[in-house]
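Trainee: Generate coordinates for the sequence data below:
(one chain, ligands or ions: 1)
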Amino acid sequence: MNFHVMTLFPEMIEQALQTSILGRAIKNGCIGVKAVNIREYTKDKHKKVDDYPYGGGAGMLIQAQPVYDCFQAVRADVEQRKGKAVADRLRVVYLTPQGQCFHQALAGKLAEEEELVFLCGHYEGVDERVLEEIVTDYLSIGDYVLTGGELPALVIMDAVARLVPGVLHNEVSADLETFHDDLLEYPQYSRPVEWHGKRVPEVLLSGDHKKVDEWRREQSRERTKCLRPDLYEKYQRRQEVIHSLLKKNKALYIDMTEALQRGREELIYAEDDGVIVGDRQTGICRLAAFSEKAAVKLVKRAAAESKFNQYVLHQPSLLVPLEEMYQVEGCTPFRQAVYNSRIAPTIKKRIEIRSLTPVYQQEILQHSSAVSESCIKEQLEKGRLFGAFVEENLAGFAGLHQGGGLGLLYVDKSYRGQGIGRTMLSYLIGQQLSEGLTPYAVAAESQAALALFRQLGMKLGKESVYWVKR
Ligand code: ADE
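Mentor: Numbers count the residues shown, from 1 in each chain. The predicted structure is shown next:
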């Protein structure tokens, strides 16, 4: 992942990133950081970049021209290395106390970007017109005012970079710590067993991993309740929705449960008549209506959030009101399955499985008619599609959908009946379990796919789910 920081003080960024974990990550190429000096792009012969605000007021403003030209240089650099498509959808973060408050789930989202641009303001701010043209996200790191955006940019880069694969080495650790799940981390102890008369809690010395996990979880809950009641309330609300509403039909609602549990999407609506979960950034929302009457109400509620343009409907009754409100582009039914055990299926066949690169995009698209080109491209770029290779030939592939469900399964005709699909899914299930996740799968309504999920010991939903684009 590459960070680009547009700043008047590039040395502040460069010096701060030379040491420790981020310094090492830069050296070994996991992340790249370029501090770009806005002053180098001014057309003023005295190298001036600021001026007085119209209408009067204290302080100076950074002018639009140098910021705009600096951004065009960053954009051109990205276009040259990654192509126009990546350059066209660059996320540009402006650091300002007026922005949305930065938090861990947002760090996770930003870590999925290939290139991320920061604009650091100074003085009294930046001319509004250039912000309107280039900025996609306004972020704050807290309700206090700093002298510039460099420290906030560094804070955000640190939080994002440590989620980039390879930066922390032990990759699971970022997933199981403070703020994952809206809970704070449990207390930790190291040698000696006794210090200042205080002993390490006995359970940690027991060697019983199940008990240790339970104790840690309980400690996390207690700590959060006591130190961050605001977070605890969010956690409790989510657990309540999962356990009282979505557990009614676990396999049918597993995508919603996991989107909440993994912190990928937020709760938009939850009452006795239905639940809406969604992500305003990707435009995906998931609707569950517990009665026919509720269907209209839920669709209206989701439509009030104009950002949603992809709807995952868990009852066919939701389709009619949606079609009345919008022009919809087809409706694809699919079925979900959930893997309830913590032990991965055994892999019977020895096949080489490798993460696929974007080179395979065309080949995959030919066999994935239900999935959009942009989705395949994104999953390839993020290393979430895997190929099975037999004597260096791509015999099949499988991977993760954007929501996190397993699927996108295809086995070439000449390799069918050899257990390749089963092996790939077993591999992916094992991977998800090792990350502490509940594996679930999303399949087109084909008998072969459903039979395969059953064979793997997954519990299938009895009803279909419908994917609708508007
Ligand atoms: N610039 C000045 N203060 C800031 C803050 N609290 N967060 C982000 N950017 C800022």
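
Trainee: isn't residue 259 right up against residue 403?
Mentor: Yes: with contact defined as CB atoms under 8 Å, residue 259 counts as touching residue 403 (6.2 Å). (Each C-beta comes from the backbone N, C-alpha and C, glycine too.)

Trainee: Mind jotting down where the helices sit in the stretch 251-400 of the chain?
Mentor: Applying DSSP state H, counting those that start in this stretch to the stretch 251-400 of the chain gives helices spanning 254-261, 292-303, 319-325, 361-366, 373-381.

Trainee: residues from the protein in reach of the ligand?
Mentor: 95-97, 140-142, 144-146, 149, 152 (CB under 6 Å from any ligand atom).

Trainee: try 8 Å
Mentor: Within the chain, the positions adjacent to the ligand are 95-97, 99, 102, 120-121, 139-149, 151-152 by CB under 8 Å from any ligand atom.

Trainee: Which among those count as buried?
Mentor: The neighbour-count test (16 or more other CB atoms under 10 Å) marks 95-97, 99, 102, 120-121, 139-141, 148-149, 151-152 as buried among the residues of the chain next to the ligand.

Trainee: Check the burial of residue 371 by counting its neighbours.
Mentor: 19 (other CB atoms under 10 Å).

Trainee: surely it meets residue 408?
Mentor: Yes: in this structure, residue 371 is within contact of residue 408 by CB under 8 Å, at 6.4 Å.

Trainee: shared neighbours, those two?
Mentor: Residues touching both residue 371 and residue 408 (CB atoms under 8 Å, 6 or more residues apart in numbering) are residue 401.

Trainee: where does the stretch 151-300 of the chain dip in pLDDT?
Mentor: Residue ranges of the stretch 151-300 of the chain with pLDDT under 70: 170-180.

Trainee: circling back to that earlier point, any chance of the helices of the stretch 251-400 of the chain in JSON lines, plus distance to residue 50 and mean neighbour count?
Mentor: JSON lines is the format used below for the helices of the stretch 251-400 of the chain (distance: least, CB to CB, whole Å; neighbours: other CB atoms under 10 Å):
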{"stretch": "helix 254-261", "distance to residue 50": "44", "mean neighbour count": "24"}
{"stretch": "helix 292-303", "distance to residue 50": "44", "mean neighbour count": "18"}
{"stretch": "helix 319-325", "distance to residue 50": "48", "mean neighbour count": "15"}
{"stretch": "helix 361-366", "distance to residue 50": "45", "mean neighbour count": "15"}
{"stretch": "helix 373-381", "distance to residue 50": "38", "mean neighbour count": "16"}
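
Trainee: Put together CSV for the ones you listed, with distance to residue 353 on each row.
Mentor: As requested, the helices of the stretch 251-400 of the chain are exported to CSV (distance: least, CB to CB, whole Å):
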stretch, distance to residue 353
helix 254-261, 23
helix 292-303, 38
helix 319-325, 37
helix 361-366, 15
helix 373-381, 15
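
Trainee: The ones you listed: which one's closest to residue 21?
Mentor: Judged by CB to CB, the one of the helices of the stretch 251-400 of the chain that comes nearest to residue 21 is helix 373-381, at 24.1 Å.

Trainee: packing partners for the helix or strand where residue 212 lies?
Mentor: Residue 212 belongs to helix 209-227 when elements are defined using DSSP states H and E. Contacts defined by 3 or more CB pairs under 8 Å, 6 or more residues apart in numbering; DSSP states H and E place helix 209-227 against helix 229-240.

Trainee: what does stretch 370-379 rub up against?
Mentor: Against stretch 370-379 from outside (CB under 8 Å, 6+ apart): 332, 334, 358, 361, 364-365, 368, 385, 399-402, 408, 444, 467.

Trainee: for those, which one is nearest residue 131?
Mentor: In terms of CB to CB, no member of those lies closer to residue 131 than residue 402, at 29.3 Å.

Trainee: what's the distance between the nearest residue to the closest one once chain neighbours are set aside and residue 181?
Mentor: Leaving aside its chain neighbours, residue 402 sits nearest to residue 375 (5.8 Å; criterion: CB to CB, 6 or more residues apart in numbering). Residue 375 is 27 Å from residue 181, where distance means CB to CB, to the nearest Å.

Trainee: And for residue 308?
Mentor: 25 Å.

Trainee: what about residue 166, how many residues close to it?
Mentor: 11.

Trainee: Kindly state the pLDDT recorded for the closest residue in space to it that isn't next to it in sequence?
Mentor: With CB to CB, 6+ apart as the criterion, residue 166 has its nearest non-adjacent residue at 4.4 Å, and that residue is residue 30. With respect to pLDDT, residue 30 scores 92.

Trainee: SS state for residue 30?
Mentor: Under DSSP: H, G, I helix; E, B strand; the rest coil, the three-state class of residue 30 is coil.

Trainee: how much space between the spatially most central residue of the chain and the ligand?
Mentor: Among the residues of the chain, the one closest to the centroid is residue 109, at 4.0 Å (CA atoms, centre = their mean). Distance from residue 109 to the ligand, counting by CB to the nearest ligand atom, to the nearest Å: 17 Å.

Trainee: tell me which element that residue is part of?
Mentor: Element membership for residue 109, per DSSP H and E: helix 104-110.

Trainee: Run the chain-centre distance for that helix.
Mentor: 7 Å (CA atoms, centre = their mean, to the nearest Å).

Trainee: do stretch 417-436 as well
Mentor: That offset, for stretch 417-436, works out to 22 Å (CA atoms, centre = their mean).

Trainee: what sits up against it?
Mentor: Counting by CB under 8 Å, 6+ apart, 172, 175-176, 339, 342-349, 351, 353, 386, 388, 390, 395-400, 406, 409, 411, 438-439, 441, 452-453, 455-456 sit against stretch 417-436.

Trainee: now swap in stretch 352-364 and tell me
Mentor: Here stretch 352-364 makes contact (CB under 8 Å, 6+ apart) with 373, 376-377, 380-381, 383, 385-390, 394, 397, 399, 408, 410, 423-424, 427.

Trainee: Recalculate using a threshold of 10 Å.
Mentor: 347, 371, 373, 376-392, 394-399, 408, 410, 412, 420, 423-424, 426-428, 431 (CB atoms under 10 Å, 6 or more residues apart in numbering).

Trainee: In contact with residue 338: list those residues for me.
Mentor: Counting by CB under 10 Å, 6+ apart, residue 338 has contacts 250-255, 257-258, 405, 438-441, 453, 458-461.

Trainee: ah, wrong one, I meant residue 271
Mentor: With the criterion set at CB under 10 Å, 6+ apart, residue 271 makes contact with 241, 245, 290, 294, 297-298, 301.

Trainee: Over to residue 452?
Mentor: Shown in contact with residue 452 (CB under 10 Å, 6+ apart): 337, 409, 411, 421-422, 425, 441, 443, 446, 458.

Trainee: From those, pick the one nearest the ligand.
Mentor: residue 441 (40.8 Å; CB to the nearest ligand atom).

Trainee: so the closest one sits in a strand?
Mentor: Yes: if the criterion is three-state DSSP, then residue 441 is within a strand.

Trainee: so what's it closest to, chain neighbours aside?
Mentor: Leaving aside its chain neighbours, residue 441 sits nearest to residue 406 (4.3 Å; criterion: CB to CB, 6+ apart).

Trainee: What's the separation between the one you found and residue 437?
Mentor: 10 Å.
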